[in-house]
Structures are given as C-alpha cells and as structure tokens.
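Asks: take this sequence and fold it.
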Amino acid sequence: MGVGDYEAPFVARLLHNLPHLNIRLQFINSTFAPENELYLESLGILAFIPAACLILTLLILLMYFLTRCCDRKPRRKRTITACKWVSIVFIVLLTWAAIAASLYGNHDIHEKMVQVLDGLKGMDSTVRDLQIKTERLKEIRTEARQLLDPLQTKFRTPPSQMTDTRQVELGKEMDTLANFVDSDEIYKRFTSINKSMHNIFKFRWLNTLSRAELIRWIGTMGMWGLLVLFCLILLIGMCRYSRCTLITFSVCGLLAVIVCWLQASIYLIGAVAIGDYCMQPDLYLESLVHVPEDARVLEYYMRCPRASNPWGQVLNQTRDGVNTAFKSYKRATQISDQLYPDAKDKMNQLGDQMNKLTLMVPELHRQLDCNVIYPHYLASSRICHKGLYGLCLMLLASALCGVCFTILFWVDSHTWIYLGNRKNYQQVDGQDPYLPPTAASQAIAARTLRSQGDGRGFRDEKSQHGGIHPGGSDTLPGPNHGQYATLSKQCKTLESSDFY
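Replies: Numbers count the residues shown, from 1 in each chain. Here you go, the predicted model:
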C-alpha cells in the first residue's frame, strides 16, 4: 500500500497506545508480532481486565447469596413493586440495545472479513493462474520442438538437384527458431517469478478461514439471540409472578454474565491485535519475507505504482526473444511455401504454437503488473477501518451486557426470594386419620362434644315415660344398646380452619 495513501484510523491509534505489559508488568514493544511470545503475553494481560471484572462480579454475587443463606429472620412475603418493574424494564431495554449494537458490529466485521478473504483469494488466484500459464508455456515449447525436428530434417534436403540460396536462408531461420525453442531461458525466468509469487501470495488456509468466519458469524448471532430469550424469560416471570420462571432466569442470567465477560476478553484481544497491525500493515508483511528478491517483489506490489517492477528487464528480454523467433518463423514460412509446398501443414501447426507463445508472453507481462494485485491487497486491508470499528462496538456491547445481566440477576434473585406463593390451591392438614390424634384435634373433638351434649338427658326422659324393655332391662339389644352413635373423644372433627 502506498505510503502516502494509508493513514491509520483513530481507533487503531487508540488501541495501539494501550499499555502493553509482560507478566512482570514491564512495558514492551507494541508492534504487531504474533510470533513473539512477549507480545502474546501482553495481549493476555490485557484480556485479564474483563476476566477480572467477571471474577469480581461472581464474588459479589456469592457474598450476596451467603448473606441470604445466613439470614434466619422470618421474611415477610412481598410483591413486585413498581420501582422494581421500572428498573427491570429499563435494564432489559438497555440490554437489548447493546445486543442490537453488537449484532450491527458483528455484521460489519463479517462484511469486511468477506472482503479481506476475497482480496486474499484474488491474490491466490493470480498466483495459481500464473503457475498454470508457466506450465502451459513448457507444453508449448515441447510441442514446437516435436514439430521442428521433422521440418529441419526435410529442409536439409535440397528441393532440386541445384542448390538454392533460399534453402540456406531457410536453414538459418529454422536454426534460429530451434535455438529459441530449445532454450529454456524463458521457462526458467517465469518459473523463478512464479516461485517468488508463490512464496508471498500463496495462502493454503483460505478455505479453513472462510469456514471459520462463517461459523463465527452465525454462532455470534445465535448467542446474542439466546441472550434476548433470557431477557424474555425474566419479563414473563415478572408478569406471572412465577417463582419457578424467575429462578430459571437466575441460572440463565448467571450463564449470560459469564459468557458476556468472556466474550469481552476475546474481543479485547482481537481489537488490540488488529489495532497494532493496522498501524503499519506494510511493516509486518515485510517482516515475513526473508529473501531479498522476494522483499523487492513485495515492495513493488505494496507501493504500486511508485515502486519499479523487479521483473521489468527480464520481461522485456523475453518479449524481444519471442518477437525475434516469430519473425524468423514468418520468413521461414515464406521460403518453405515456395521450396517445400508439401510442408505447409506442418509449418501451419508450428505457426499455431508460435502464435500461442506470442500471445501468452504479453499476457503474463500484464498479469505480473502491480495494478492487478494491488486492488486485492487494498481489499485485504479494509479490516483496519469499518471492521475494526465493528469489533470495538462488539467489545463495548459485551461489557455493557455483562453489567446489565449482573444487575438483572441481582434484582431477580432479590425478587424471587421474597416473592410469596401463589394461592392456586388450599392447604389441607395432612394428618393420617388412622394415626393417634394430635393435641389440636383432641381439643377440637372436645369442643364438639360439649356443644352436642353427652346424651344423658335423652336417656332420663325415656326412663320417666316407662320405656323399659320387657325383659326388665333398661337397654335395648343391638351393638349400641338401642342408642344413637355419638362422637367420642377418639373421633376427629374437621373444621374450616384445618383446610386453610
């Protein structure tokens, strides 16, 4: 990329200026160097900041639950107040806004990553096409050599008994053409060029990176959608006064807190690393090339069109050699048509190969021009602008969601602990009637007996009216001696208070 064409974005400069510390809290160089262990160590130290927030949050929530467990005072059943309603709805809306911002940032990152991958694929395709054409150049030379051998043998035989000076000239032109075809200088030149391009712009991991980016994009959207569902669970529990639903959100909310802060750690590592890279992307790419010739090639493509073409002289010599060989073929064709008309078909076949060679060399020349690869290189650097902003937006949204879910988790836990049971059914005394009665049931039975009397007045009245059994006994036969069954002290009378 041209030196005067690129300027590091503000966010990249801001992230690059963050302190890069090693494990001993010593400042280190913040230049992007993923192969350097100290640099990776500094990224790990920065990632510990959201992780520390997560640990602190979990400790605070643990202390809160410990205070609730140690609280043995009877709790008065409460309902959800208007203040809690307003607070929860506001925090939920704020959480959803952060999730929406994160989804927007996720879309930006995916869009720019697709452009980066397309740029890398464009460079890889150019190198692959160059390799194919180099092999095709070798095939053309082989086919031309197979056609030249019988033609040279034929042209050494005089067309008549008399020697013609045109035959000598034809032999010279055919020798010039044969020397050009036999020489592998062109093939060696393009093989060397292809090797340099392969070392710089050949990417074997593009397909894997494309699949990983697609999985990341879809997985991130699914994860944020799950957090939206968690918020809906909380609102449903608040509307229905359901302790079960609120307890379910407590579990989901704690999981959401952990996920949000862990995401913030990952996004912080990625944002700082991309910010360091975007400060001087050319410098990092140049550090990957250790061969001086490859370094000149990379500089040519990154600083197009200011840098000079490292293959300019080689390509010009190749083009001149092809033009000279084609001119020799033209003169040889004119002479052979007069002296050897029966060799016209072979000469036409040789002409087809020479035409292919004449067209391919300029095409390779155009393909190696920096204007072909430079747009792909610019596309691969677009992650430094809108993509980096999207990643920072996801970082801030993850941190905000972590705070919001912490508040929602605390308010939810404080709500369902003090929330009274819903009276959908009446409580009944579960005492088995066949077991000995409790003191309360005995007292109830005694009150019932006193209110109904013990039956003595009825028996006295019957004796006064002469109600005596003929046998002289004052009782009647039967299991109860003619008396109605009355409640004894062993019977249990249920009252309405036993059901409620």
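Asks: and residue 158, what's its pLDDT?
Replies: Note for residue 158: predicted pLDDT of 78.
Asks: grab the nearest non-local neighbour of it.
Replies: residue 167 (6.1 Å; C-beta to C-beta, 6 or more residues apart in numbering). For every residue, glycine as well, the C-beta is placed using N, CA and C.
Asks: what mean pLDDT does the strand or helix carrying the one you found get?
Replies: Using DSSP states H and E, the element containing residue 167 is helix 165-182. When pLDDT is averaged over helix 165-182, the result is 84.
Asks: mind giving me the packing neighbours of it?
Replies: Under the contact criterion of 3 or more C-beta pairs under 8 Å, 6 or more residues apart in numbering; DSSP states H and E, helix 165-182 touches helix 82-155, helix 312-339.
Asks: including mean pLDDT, mean neighbour count and distance to residue 290, could the ones you listed go into TSV?
Replies: Shown next, in TSV, are those (pLDDT from 0 to 100; neighbours: other C-beta atoms under 10 Å; distance: least, C-beta to C-beta, whole Å):
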stretch	mean pLDDT	mean neighbour count	distance to residue 290
helix 82-155	88	17	19
helix 312-339	86	16	22
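Asks: and those as a markdown table, adding distance to residue 360?
Replies: Below are these laid out as a markdown table (distance: least, C-beta to C-beta, whole Å):
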| stretch | distance to residue 360 |
| --- | --- |
| helix 82-155 | 6 |
| helix 312-339 | 9 |
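Asks: could you chop this protein up by domain?
Replies: 10-71+78-418, 427-463+484-500 (automatic domain parsing).
Asks: most packed of those domains?
Replies: Highest mean neighbour count of these: domain 10-71+78-418, a mean of 17 (counted as mean count of other C-beta atoms under 10 Å).
Asks: ok, back up a step: quick one: contacts of the helix holding residue 167?
Replies: The contact list for helix 165-182, computed with C-beta atoms under 8 Å, 6 or more residues apart in numbering, reads 141, 144-145, 148, 151-152, 155-156, 158-159, 321-322, 324-325, 328-329, 331-332, 335-336, 338-339.
Asks: right, and the helix or strand after that helix?
Replies: Remark: after helix 165-182, the chain's next helix or strand is helix 185-201, criterion DSSP H and E.
Asks: now the angle from the helix or strand that that following helix is followed by to helix 82-155?
Replies: Proceeding N to C from helix 185-201, the next assigned helix or strand is helix 206-240, under DSSP H and E. Here helix 206-240 runs at an angle of 160 degrees relative to helix 82-155 (axes from the mean of the first three to the mean of the last three C-alpha atoms, to 10 degrees).
Asks: what packs against helix 206-240?
Replies: By 3+ C-beta pairs under 8 Å, 6+ apart, helix 206-240 packs against helix 82-155, helix 243-279, helix 386-418.
Asks: ok, which of those helices comes nearest residue 224?
Replies: Among the helices and strands packed on helix 206-240, helix 82-155 comes nearest to residue 224, with 4.9 Å by C-beta to C-beta.
Asks: mean pLDDT for the domains of the chain: which is lowest?
Replies: Per-stretch mean pLDDT for the domains of the chain is lowest at domain 427-463+484-500 (a mean of 47).
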